[in-house]
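Q: Compute the structure for the input listed below.
(chains A and B)
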2 protein chains.
Amino acid sequence: MLEQIDLSKKMSKKDAKVRMEELEAELGRLQRQAKDLNLPVMIVFEGFGAAGKGYQISRLIRALDPRGFSVFSVSKETEEEKMHPFMWRYWTKTPAYGRIAIYDRSWYRKVLIDRFEGITKPKQLVYAYEEINSFEQQLTDGGYTIIKLFLCIDQKEQKKRFDRLLESKSSAWRVTKEDLKRNKHFDEYKQMNDEMLEKTDTDAAPWTLIESMHREFATVKIYTAVISTLQDAIAKRKEELAEKEARKGGPEVVAEAETAETQTAEQGGSMLQDDVLRTSSLHSVDLSLSLTQEEYKKRLEELQAEIAQLHGELYRRRIPVVLGFEGWDAGGKGGAIKRLTEKMDPRGYQVHPTAAPNDIEKVHHYLWRFWRELSKDGHIDVFDRTWYGRVMVERVEGFCSEKDWKRAYQEINDMEKDLYQHGAIVLKFWMQIDKDEQERRFKERMATPDKQWKITDEDWRNREKWDLYEEAVDEMLVRTSTTYAPWIIVEGNNKQYARIKVLQSVVDAIKARLAE
Amino acid sequence: MLEQIDLSKKMSKKDAKVRMEELEAELGRLQRQAKDLNLPVMIVFEGFGAAGKGYQISRLIRALDPRGFSVFSVSKETEEEKMHPFMWRYWTKTPAYGRIAIYDRSWYRKVLIDRFEGITKPKQLVYAYEEINSFEQQLTDGGYTIIKLFLCIDQKEQKKRFDRLLESKSSAWRVTKEDLKRNKHFDEYKQMNDEMLEKTDTDAAPWTLIESMHREFATVKIYTAVISTLQDAIAKRKEELAEKEARKGGPEVVAEAETAETQTAEQGGSMLQDDVLRTSSLHSVDLSLSLTQEEYKKRLEELQAEIAQLHGELYRRRIPVVLGFEGWDAGGKGGAIKRLTEKMDPRGYQVHPTAAPNDIEKVHHYLWRFWRELSKDGHIDVFDRTWYGRVMVERVEGFCSEKDWKRAYQEINDMEKDLYQHGAIVLKFWMQIDKDEQERRFKERMATPDKQWKITDEDWRNREKWDLYEEAVDEMLVRTSTTYAPWIIVEGNNKQYARIKVLQSVVDAIKARLAE
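A: Numbers count the residues shown, from 1 in each chain, chains lettered A, B, ... in the order given. Predicted structure coming up:
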């Protein structure tokens, strides 16, 4: 997940101040509602050292009635805690119904700091993850809301913050030897964090990444994440109560339940999708990147020759390759796929165009048709549009329920992990262009007789929903970019640049695997 | 789970015939309903060789419209299948909506036969289980019903059946070398099956154990299991549709939904709890077992001395012990606990009586209070009544929803596994007496002045629900008897015998652990 984060995110103090006034009032209101509804809430702060967990917690509780929450600081296990099962110290600190518990570090310590320090042994790791997911599942099944925030800064910023703390005696004690060690081996530690995020970003208790280079931005995003989740939980709870009443009492209360639901849709959920607060680096992609025709031709020739040769080696070693292409309409998927496969042995690859499901596909699980299309090991499967339709078009157009697409992130990650575990190279490309470039291409298509078939009214209609799609793409990139099946964002305004980037990425991935 | 099965179960041909007429008609009716509702259904047959999978499948489909189902026979992976990810062959065989797929062996092959044969390597095992659970979770989340049947026979019966098949040329080919090898190493193979059952008996797709020593009994139980699950799934589906309609259409349809729900409660769910069809060995427990007062005294003294000594060793090595006591009212829990702890150092153990939750406990997750009560490593925690209240009294009295207690089996298993993984010895005792013995003890208590406090009106009321409790206890014993935290059924009509069995079991478990 971490590779998709855009750490340059910031917000002006003025902008933040305006927002915060509203957010603080809203959070206070929600705390009272949650209390009245007996909802227990757990807010977890994790992230890199000096990312500002302490500051942000004190900032968050400013809006809260102090009688309704507790803050737990999780440091090394005490002797007492060591002599109990791992989860004992956390079970005993779960909040009562109607209360909020805030954790400055948490049960994730065991798979992060304690793992880095060697306190958690490699063989304990698998079960630790099982325990964590089971703990969160049990609580959320029992009506708890768990909000997990991961505060991110980069290595340089962390060093700068540590140095600043070390300058003064009054703050130097806050920086430990271990902190400095984790800063020195930042990449290694980051990798552990990334693995943790992958394994625990569940439907029941998803993570929100908080870009924390800029304090104000982080505060606004944290408040927004907490508020948005609470709004959803409260609306859901109200709906449940109304349904319960409806079963007893009859029609009148049903009407109320519907109102509650409508409210959710209006107020909740989408708050984090506020343009500024989005997580992925989609917005900061440099679309000016380009190649001259000359450079393009030269590199294209080289890379195509290389792929042809690697393709043979893949076949010989029976390594399967699965490549997924997604992107804006007219984003250049077709052109890239064409250049990718042009010089390949046609017996060794297969391009699967994915249209709307046909009648047979419609009466199966949505992943069924993709499983069916998988070729034998040693072949390259190229999917022109993919299973990600579930979390893009199906989400945006309402072809499946919110519950369905929210669950799909994990389902898709599971499927890609199955492929990876079987030995496949799995890569996903997002072809990014901006709205102007799309318009230019649409118009060009309409003006060019033999390209007219490529453009339909539906394309123009989809274009009108650009913002909704962007929202969906953003969440998709963050939740499904994994170490075993990463997303590669392709700067697509310049077609030549885009095609070369795709080819190069495929070559790199194959070479890396062959070298293993 | 397997250790709780009672393989002596049988049924007269006449009784079976009467039942089958009704069951076949009902199954046919349900297939039509499932088709109309577009419900996809998967029925998995697993179990020991020669347990009768083939016969039972042909028996099952007799009631089905052949246009609506397919049977898949799963043997060793083909070359084609080997060159695809593990789950590919099963994903491609998932049924369309409204259809039934029946599997003669299934994806479980990988963790059973293929594991035994060494085809599945130990390091592949963890991920194979993840894939299996994720596969079933995805399908059930997507509206599929998965019915998993495990056909059980014992080693001797299997050998007999193999021998019979080998006698004739026309059937000898059905017995392979591998079959005979698995028969020879039956215990080892059974252990793999037991582990599989433990890891995959999920809320989404639970197992039903089928005692298959007697064909007629097995057929009736299979039909009953399939019918009962289908009834539930159909009722649930109807309810969903009605709710959907209600949101659109208003109050009238709500009434229908309620009817659908009421019907479920009446017809579904409990069918398998038909006295005869129950799984656990509770009914066949030999309650005549007893000890003379003399034997009792002698062994009590020996065992108490042994426990006192072992207790010290446990403390020295910091091994935690968690003992749970459940059983019928007046089943002898108190007496057994008293004898168990009498000679122990009181600083090293703690008895936790579990009453109805107090006000503080009521506003927490139901497992919270048990986590809190855990002592430090090296201590013995004795729970007089336990977390199993969730699946007994709370289930029977309706203190929690059906969804809640059905989910609880897995939650409880997870909690006990956490304790085990931390190094604890976890044992659970079920104190079994019969209804007459209970009455005798109740009356004795009422007649004895200093025992009168032990008997309340509630005890008499609970007694009236004996059958409902028995149903709950049966399912509890099967679903939560695990290799890491087994149930021990204590024949309790004779108090002396019962107490000695408890002490002996504790001594054995501690000794076994100390010897590891």
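Q: secondary structure element for the residue nearest to A:Trp430 when sequence neighbours are not counted?
A: Nearest residue to A:Trp430 in three dimensions, chain neighbours excluded: A:Ile489, at 5.0 Å (Cβ to Cβ, 6 or more residues apart in numbering or on different chains). Heads up, the C-betas are built off the backbone N, CA and C, glycines and all. According to DSSP states H and E, A:Ile489 maps onto strand A:487-491.
Q: Identify all contacting residues around that strand.
A: The contact list for strand A:487-491, computed with Cβ atoms under 8 Å, 6 or more residues apart in numbering or on different chains, reads A:4, A:281-282, A:285-287, A:289, A:327, A:332, A:336, A:427-432, A:477, A:480-481, A:497-498, A:501-502, A:505.
Q: What residues of the helix or strand following that strand count as buried?
A: Downstream of strand A:487-491, the first helix or strand assigned by DSSP H and E is helix A:495-515. Under the neighbour-count criterion of 16 or more other Cβ atoms under 10 Å in any protein chain shown, helix A:495-515 has A:495-507, A:509-510, A:513 buried.
Q: how far out from the middle of the chain is helix A:495-515?
A: Centroid separation for helix A:495-515 versus its chain: 23 Å, with Cα atoms, centre = their mean, to the nearest Å.
Q: Help me confirm that A:Leu197 is found in a strand?
A: No: counting by DSSP: H, G, I helix; E, B strand; the rest coil, A:Leu197 is not found in a strand; it is helix.
Q: and A:Ile210, which of the three is it?
A: Strictly by three-state DSSP, A:Ile210 counts as strand.
Q: quick one: it and chain B, what's the gap?
A: Relative to chain B, A:Ile210 is positioned 27 Å away (Cβ to the nearest Cβ, to the nearest Å).
Q: ok, what's across the strand from the closest residue to that residue other than its chain neighbours?
A: What sits nearest to A:Ile210 in space, not counting adjacent residues and going by Cβ to Cβ, 6+ apart, is A:Leu151, at 4.8 Å. Here A:Leu151 shows beta-bridge partners A:Gly47, A:Ile210, assigned using DSSP bridges.
Q: Could I get the pLDDT score of A:Leu151?
A: In this model, A:Leu151 is scored at 97, pLDDT.
Q: Any idea how many residues pack against it?
A: By the criterion of other Cβ atoms under 10 Å in any protein chain shown, A:Leu151 has 22 neighbours.
Q: show me what contacts it?
A: Residues in contact with A:Leu151, defined by Cβ under 8 Å, 6+ apart, are A:Phe45, A:Glu46, A:Gly47, A:Phe48, A:Ala51, A:Gly52, A:Lys53, A:Gln56, A:Ile210, A:Ser212, A:Ala218.
Q: mind running it again at 10 Å?
A: Contact partners of A:Leu151, counting by Cβ atoms under 10 Å, 6 or more residues apart in numbering or on different chains, are A:45-53, A:55-56, A:209-212, A:218, A:221-222.
Q: ok, now A:Gly335?
A: A:Gly335 neighbours (Cβ under 10 Å, 6+ apart): A:Met431, A:Gly492, A:Lys495, A:Gln496, A:Ala498, A:Arg499, A:Val502.
Q: Pull the most distant pair out of these.
A: A:Met431 and A:Gln496 (13.4 Å; Cβ to Cβ).
Q: Overlap in contacts, the two.
A: A:Gly332, A:Gly335.
Q: picking that back up, buried subset of the contacts of strand A:487-491?
A: For these, buried by 16+ other Cβ under 10 Å: A:4, A:281-282, A:285, A:287, A:327, A:332, A:336, A:427-432, A:477, A:480-481, A:497-498, A:501-502, A:505.
Q: hmm, back to that, name the nearest of the buried residues of helix A:495-515 relative to chain B.
A: Closest approach between the buried residues of helix A:495-515 and chain B, by Cβ to the nearest Cβ: A:Arg513, at 16.1 Å.
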